[in-house]
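1. next come a sequence and a model predicted from it.
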Amino acid sequence: LFCQVDVARNRLIDLSTISLLLDGAAQLRELDVRENPMSTSRQLLDALIVRGNSLQTLNGRELMAAERQYLSQLHRRGARTLPISTTGAPSESTGAPSTST
């Protein structure tokens, strides 16, 4: 049972690895992804907040329920595209989840 995971400074560039962690650790409360290339993207951090239903702290900052609700609503309305697919890999052009045609 993982409650706290620190993957800071691991050269993570997208959500693919973190998505596996979020899917496999339903009780994850704290996640630190600081000093990774992905941590400079507000879009990717927002996607972690939406995907990580049990997360209470991200990068040492307490998450508010209203913040998660707001980001989820924006995503559902299409006002903000977040890479929150199960693969977690955003497409190169839009940052949206990759799709097969």
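-> Arrived safely.

2. quick one: contacts for the closest residue to residue 12 other than its chain neighbours?
-> Once flanking residues are discounted, residue 12 sits nearest to residue 36: 4.1 Å by C-beta to C-beta, 6 or more residues apart in numbering. C-betas here are computed from N, CA, C, even on glycine. The contact partners of residue 36, by C-beta atoms under 8 Å, 6 or more residues apart in numbering, come to 7, 8, 9, 10, 11, 12, 13.

3. just the buried members of those residues?
-> Taking 16 or more other C-beta atoms under 10 Å as the criterion, what is buried in the contacts of residue 36 is 7, 12.

4. farthest-separated two in the contacts of residue 36?
-> Of all pairs drawn from the contacts of residue 36, the one with the longest distance (C-beta to C-beta) is 8 and 13, at 14.1 Å.

5. backbone dihedrals for the residue nearest to residue 12, please?
-> When quoted as degrees, to the nearest 10, the phi and psi of residue 36 stand at phi -110, psi 150.

6. list the buried ones in the helix ranked longest in the chain?
-> Secondary structure of the chain per DSSP state H: the longest helix is helix 65-77. Under the neighbour-count criterion of 16+ other C-beta under 10 Å, helix 65-77 has 68, 71, 72, 75 buried.
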